[in-house]
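Asker: Model the structure of this input:
(2 chains)
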Amino acid sequence: MNYDFREIEAKWQKYWAENETFKASNDSDKPKFYALSMFPYPSGAGLHVGHPLGYIATDIYSRYKRHKGFNVLHPMGYDSFGLPAEQYAIQTGQHPAITTENNINRYREQLDQLGFSFDWSREVRTSNPQYYKWTQWIFIQLFNAWYNKKSDKAENISSLISIFEKEGNANVEAACDDDVPSFDAATWNGYSDTEKQEILLKYRLTYLADTEVNWCPALGTVLANDEIVNGVSERGGHPVVRKKMTQWSMRITAYAQRLLDGLDKIDWPQPLKDSQTNWIGRSVGASVTFNIKGEEDTIEVFTTRPDTIFGVSFMTLAPEHELVAKITTPEQKAEVDAYVEATAKRSERDRMADVKTISGVFTGAYAEHPFTKEPIPIWIGDYVLASYGTGAVMAVPCGDQRDYDFAKHYNIDIPNIFEGVDISEEAFADKETTVIANSDFLNGLSYSDAMKKAIAELEKIGHGEGKVNYRLRDAVFSRQRYWGEPFPVYYVDGMPQMIDLEHLPLQLPEVEKYLPTETGEPPLGNATEWAWDTDKNEVVSNDLIDHKTVFPLELNTMPGWAGSSQYFNRYMDPRNDDAIFSPEAINYWQDVDLYIGGSEHATGHLLYSRFWQKFMFDMGYVPKDEFAQKLINQGMITGTSAFVYFTYYSVLEKGVTDEALVDKKFIFISKELYKKSLYESDNDLILLVKSHIDSELLNRIENDELILITPLNSVHADVSLVNASDELDVEAFKQWQPEYKDAEFILEDGKYIVGREVEKMSKSKYNVVNPDAICEEYGADSLRLYEMFLGPLEQSKPWNTAGITGVHSFLKKLWKLYATIEDKEPTADNLKTLHKTIKKVEEDVENFSFNTSVSTFMICVNELTSQKCTSKAILEPLAILVSPYAPHIAEELWSRLGHSESIAEAPFPKFEEKYLVESSKEYPISFNGKMRFKLELPLDMSKEDIEAAVLAHEKTKEQLQGRDPKKVIVVPGKIVNIVG
RNA sequence: GCCUUGGUGGCGGAACUGGUAGACGCGCUGGAUUCAAAAUCCAGUUCCUUCGGGAGUGAGGGUUCGAUUCCCUCCCAAGGUACCA
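Answerer: Numbers count the residues shown, from 1 in each chain, chains lettered A, B, ... in the order given. Below you'll find the predicted structure:
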């Protein structure tokens, strides 16, 4: 009987679905294991072979854990809010919900084909109201919380209010806005309700603020920093400008330090941790306050080098700094204004691209050195960024290259404060290798001592303190989009009010148009029914807004990461309508044991999720403050593009203004011939082309009546038209694009050979391989094995369909091995092969080294085949070993072995060392570290006897050619090395 | 620039704590089977070679009896990040 994978795979997929084989229970005596793949955004293009890589890995591990006796949770869902469906809606008018539904159905079909052990009863969709009810709920929890720096955790806002009522805010240490006024209890209690709300908003973990945002006019929306790549939008590549808008923000900065510290206790890839560390950008230093001569105001700066305080020779403010207008002297005003205006006009992108040009203007004002009381000129310059630190720097040209360049350019003094260092050419930034000089009380101190001393002295005179600064900014949480979660918020007197949980979800309204309104409001501004009736507690028509009982609802929606920041916890209890999850569910599953997904989420999803998890932990909703213990980034599967090389002739009518086309033809040249022609003269190419032109036309060209154009070029060919030997299917290629129908082909050895290059998979490169065709031709088990066999999970690797025949024929061999199954005693060889395989596969799975276990299976089956093994005692455990990787064939073989139940819960075979014990070893005998021959010796032979046996061997004498060995190294059981 | 990861045959890639470099698969070569093809099976396949052997894991040094593995310098590629004070 042949290996009929189509029938087998369909049969078992149906069996698993009908029997709910992989449904996880929230109540079990078994230990729990939570394996999670990052849920996909269901795009219209469907899955390509790169997508399943991580899913297959998670699936193998899940199935393995199930064999190992764990209660496994392995869910799947969809991150189904997002821009593409909305843009499609703008173009076609089709509701994004319909587009999304269609795409999800296609994804589901493709996923089902691959035989994953997902518990589909737990599926979540972020765009589903029953799901986003809980996204809205979390938002409300964040609104009702503040961050107490004293307890170093988030607390309910009520604890803040009671402090205010008793003692005002003098002793409160909170993560809050910069502009909080100070007040005592009496003042607080005297505030109106709106005034109180206004102040509380400055403390809440999600708050409204006028923030400078990245506004993308083309998309009509705000983008987060991680949605911008090289100054343009990640999606679509549209320009982005800075703009002030009232936006919801998330006070993620409150968690900066804990997000940093938490990285130490999770097993995540180093590059990912480094990304997050850089993104958070902690720097330790001091804040220093400079008085301004003749002004009340002071300038506060942040510096990482307070030890260089005596090297300050000027200060630079960002052009946007609020003091600029105030301190500029009348003489300098015109110049300063012009500079500020010019800077404001330059886009963020220009400013980033141009880092070489030094520009700045003197304000005419002077600050005062906190210790020497010397005057320090205050400049403005666009190398200082308003958004980092305080938007002002104390410039120490001898110790910072940018300050140095600026000082040189404007002829500002560069005092040297480093002992024995030459600063005539460049600044000296190496802080560890010298001591401070010319610095009063810091003279002779090393960097670290000077640092401490400087901070202590600054504190003494009230001009500064030690400070830690973070690069991380609060996250803007508003988007001017339709297809996202609505905020559960309405406005009373301009103050945001939360809708009660019992009235959630607040569902997206229907709109006529998905674009921003004509007055520039977000798409929800198009809704006619978008007002909140506080009596009826429901959404009513906008016409009823009276600001007494009916109020306007928030028009922004939440960003893409809102729905994905707690989805992993929702899977634990996804149908719960009374809570985001029950305490029983979260206490049972705790956290994700294994999380697999792409590295592109390093500073987005994975940072925001950690932030929300820590918040949920503070509020006592979850037992762990990190949501995923281990994370693996699967590598990208790149495509192997195919290139065809061509020249073409365009024959044009001479002298006709429009250059009328008389004839045009493509001539495709096989790879090697093309390469050769690159080195030959143009003349040869023209001769080649001419040899393919109709003789009548040729005559007219020769007679100068027509013009001939012959460029040499290459273009992508669809990879499906090329076989494993890089040979192009010429006839299919002609059919592929109409313009190639009459093309000519210059072959080598009767074949047209294409060029190959590894590139990212993309439609436009015609190198996308989708899994459906492969499943159809070779089956899901082959695809699963092959994706794993390609190489290490974390490494990016090129897809090449050619190799799939290797794993496919392995499955056929495996199938054949089960043709006869007998109840007979296994041989010693059989047992050795089996147990060697158990050991290796178990180690490999634990190390996520799936590629090597596929090789191990191949070796095992090759060996058992040549041993003609038919013993059930061997074949039965082997089926279980294979089952996580190729589950369909394993199930089928399992049932042929006489089982009526699924293989899914069959216990993993136990490795027994005793079958691998050997009595002798084929020792590699090396000379000066190079293996020269092998010698079979008993394993229990003593070191001395081995040495004697080796030295007595004739090949040893041959190698030594009469020399005496200087030294003989014998490592019993491993190697013999002779030096001489 | 900085941070991270990597560099091994024609290709994808193996090699546990330093111990036989190139497992396994693809491709290629030859053979068997076949009227023929597909499929299948067998043998070979790092390079050079005067067939004795020699060289070899990006380059160059070092440690060691022994280095793909550890250390130093450099080169290249991919990813992240950047006037971050």
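Asker: Helix, strand or coil: sort out A:Lys467 for me.
Answerer: With DSSP: H, G, I helix; E, B strand; the rest coil as the basis, A:Lys467 sits in strand.
Asker: residues contacting it?
Answerer: By C-beta atoms under 8 Å, 6 or more residues apart in numbering, A:Lys467 lies in contact with A:Val284, A:Gly285, A:Ala286, A:Ser287, A:Phe302. In this view, the C-beta of every residue, glycine as well, is placed from N, C-alpha and C.
Asker: The nearest residue to A:Asp535 once chain neighbours are set aside and A:Asp533, how far apart?
Answerer: Among residues not flanking A:Asp535 along the chain, A:Thr549 sits closest, at 5.0 Å (C-beta to C-beta, 6 or more residues apart in numbering). As judged by C-beta to C-beta, to the nearest Å, A:Thr549 and A:Asp533 stand 6 Å apart.
Asker: I'd like to know how many residues surround the residue of the stretch 801-950 of chain A found nearest RNA strand B.
Answerer: Closest contact between the stretch 801-950 of chain A and RNA strand B, by C-beta to the nearest atom of the strand, is at A:Gly806 (2.1 Å). A:Gly806: 14 surrounding residues under other C-beta atoms under 10 Å.
Asker: doesn't A:Asn537 make contact with the residue nearest to A:Asp535?
Answerer: No: applying C-beta atoms under 8 Å as the test, A:Thr549 and A:Asn537 come out as separate, 10.5 Å apart.
Asker: returning to what we had before: when A:Thr549 and A:Asp533 are compared, which one has more neighbours?
Answerer: The neighbour comparison of A:Thr549 against A:Asp533 (other C-beta under 10 Å) goes to A:Asp533, with 17 against 13.
Asker: Surely that one touches A:Leu553?
Answerer: No: in this structure, A:Asp533 is not within contact of A:Leu553 by C-beta under 8 Å, at 10.5 Å.
Asker: Return the distance of the residue sitting nearest the centre point of chain A relative to RNA strand B.
Answerer: When chain A is reduced to its mean C-alpha position, the closest residue under C-alpha atoms, centre = their mean turns out to be A:Glu600, at 1.8 Å. Computed as C-beta to the nearest atom of the strand, to the nearest Å, the A:Glu600 to RNA strand B distance reads 7 Å.
Asker: and what of A:Thr534?
Answerer: Going from A:Thr534 to RNA strand B by C-beta to the nearest atom of the strand gives 43 Å.
Asker: and that residue, what pLDDT?
Answerer: Predicted confidence (pLDDT) for A:Thr534: 95.
Asker: I figured it hits A:Thr549, correct?
Answerer: Yes: using C-beta under 8 Å, A:Thr534 is in contact with A:Thr549, at 5.2 Å.
Asker: mean confidence score for stretch A:784-795?
Answerer: 92.
Asker: and that stretch, is it in reach of RNA strand B?
Answerer: Yes: Stretch A:784-795 lies within reach of RNA strand B by C-beta under 7 Å from any atom of the strand, at A:Phe789, A:Leu790, A:Gly791, A:Pro792, A:Gln795.
Asker: in that stretch, what's buried?
Answerer: For stretch A:784-795, a neighbour-count test (16 or more other C-beta atoms under 10 Å) marks A:Arg784, A:Leu785, A:Tyr786, A:Glu787, A:Met788, A:Phe789, A:Leu790, A:Leu793 as buried.
Asker: Any chance of CSV for these, columns secondary structure and distance to A:Ala10?
Answerer: Converted to CSV, the buried residues of stretch A:784-795 look like this (DSSP: H, G, I helix; E, B strand; the rest coil; distance: C-beta to C-beta, whole Å):
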residue, secondary structure, distance to A:Ala10
A:Arg784, helix, 16
A:Leu785, helix, 18
A:Tyr786, helix, 20
A:Glu787, helix, 20
A:Met788, helix, 22
A:Phe789, helix, 24
A:Leu790, coil, 26
A:Leu793, coil, 28
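Asker: nearest to RNA strand B, of these?
Answerer: A:Leu790 (4.4 Å).
Asker: The nearest residue to the closest one once chain neighbours are set aside bridge partners, please.
Answerer: The shortest distance from A:Leu790 to any non-neighbouring residue, by C-beta to C-beta, 6+ apart, is to A:Lys797 (5.1 Å). The partner list for A:Lys797 in beta bridges (DSSP bridges) reads A:Ile637.
Asker: Let's test this: name the helix or strand in chain A with the lowest mean pLDDT.
Answerer: helix A:348-353 (a mean of 59; mean pLDDT, DSSP states H and E).
Asker: average pLDDT across whichever helix or strand comes after it?
Answerer: Next in sequence after helix A:348-353, counting helices and strands by DSSP states H and E, comes strand A:360-368. The average pLDDT within strand A:360-368 is 91.
Asker: Can you tell me the SS state at A:Phe911?
Answerer: Reduced to three states by three-state DSSP, A:Phe911 is coil.
Asker: now it: how far from A:Lys840?
Answerer: For A:Phe911, the distance to A:Lys840 - C-beta to C-beta - is 9 Å.
Asker: try A:Trp530
Answerer: Per C-beta to C-beta, A:Trp530 is found 62 Å from A:Lys840.
Asker: Around RNA strand B, pick out the residues from the stretch 651-800 of chain A.
Answerer: With C-beta under 7 Å from any atom of the strand as the criterion, the stretch 651-800 of chain A meets RNA strand B at residues A:Ala724, A:Ser725, A:Phe789, A:Leu790, A:Gly791, A:Pro792, A:Gln795, A:Ser796, A:Lys797, A:Pro798, A:Asn800.
Asker: Give the burial count for A:Lys453, as a bare number.
Answerer: A:Lys453: 17 neighbours (other C-beta under 10 Å).
Asker: okay, it: pLDDT?
Answerer: For A:Lys453, the predicted pLDDT is 90.
Asker: wait, what's in contact with A:Lys453?
Answerer: Residues counted as contacts of A:Lys453 (C-beta under 8 Å, 6+ apart) are A:Asp307, A:Phe441, A:Leu442, A:Leu445.
Asker: same deal with A:Phe139?
Answerer: A:Thr206, A:Phe487, A:Pro488, A:Met558, A:Ala562.
Asker: Over to A:Ile98?
Answerer: If a contact means C-beta under 8 Å, 6+ apart, then A:Ile98 has no contacts.
Asker: Kindly provide the whole-number mean pLDDT of stretch A:221-231.
Answerer: On average, stretch A:221-231 scores 66.
Asker: before we move on, what about stretch A:921-941?
Answerer: Averaged across stretch A:921-941, pLDDT comes to 81.
Asker: go on, stretch A:294-314?
Answerer: Throughout stretch A:294-314, pLDDT has a mean value of 90.
Asker: mind exporting that stretch as PDB, just the C-alpha atoms?
Answerer: Below are the C-alpha coordinates for stretch A:294-314, written out as PDB (Å, rounded to 0.1, in the frame of the first residue of the first chain):
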ATOM      1  CA  GLY A 294      19.800  89.100  35.100                       C
ATOM      2  CA  GLU A 295      16.800  86.700  35.000                       C
ATOM      3  CA  GLU A 296      14.600  85.000  37.500                       C
ATOM      4  CA  ASP A 297      14.500  81.800  35.400                       C
ATOM      5  CA  THR A 298      17.000  79.000  35.600                       C
ATOM      6  CA  ILE A 299      18.100  76.500  33.000                       C
ATOM      7  CA  GLU A 300      18.000  72.900  34.000                       C
ATOM      8  CA  VAL A 301      20.200  70.400  32.100                       C
ATOM      9  CA  PHE A 302      20.800  66.700  32.300                       C
ATOM     10  CA  THR A 303      24.300  65.500  31.900                       C
ATOM     11  CA  THR A 304      26.000  62.100  32.200                       C
ATOM     12  CA  ARG A 305      29.200  63.800  33.000                       C
ATOM     13  CA  PRO A 306      28.800  66.000  36.000                       C
ATOM     14  CA  ASP A 307      32.500  65.300  36.600                       C
ATOM     15  CA  THR A 308      33.300  67.700  33.700                       C
ATOM     16  CA  ILE A 309      31.300  70.600  35.200                       C
ATOM     17  CA  PHE A 310      34.400  72.800  35.200                       C
ATOM     18  CA  GLY A 311      34.900  72.200  31.500                       C
ATOM     19  CA  VAL A 312      31.700  74.000  30.600                       C
ATOM     20  CA  SER A 313      32.300  76.900  28.300                       C
ATOM     21  CA  PHE A 314      28.800  77.500  26.800                       C
END
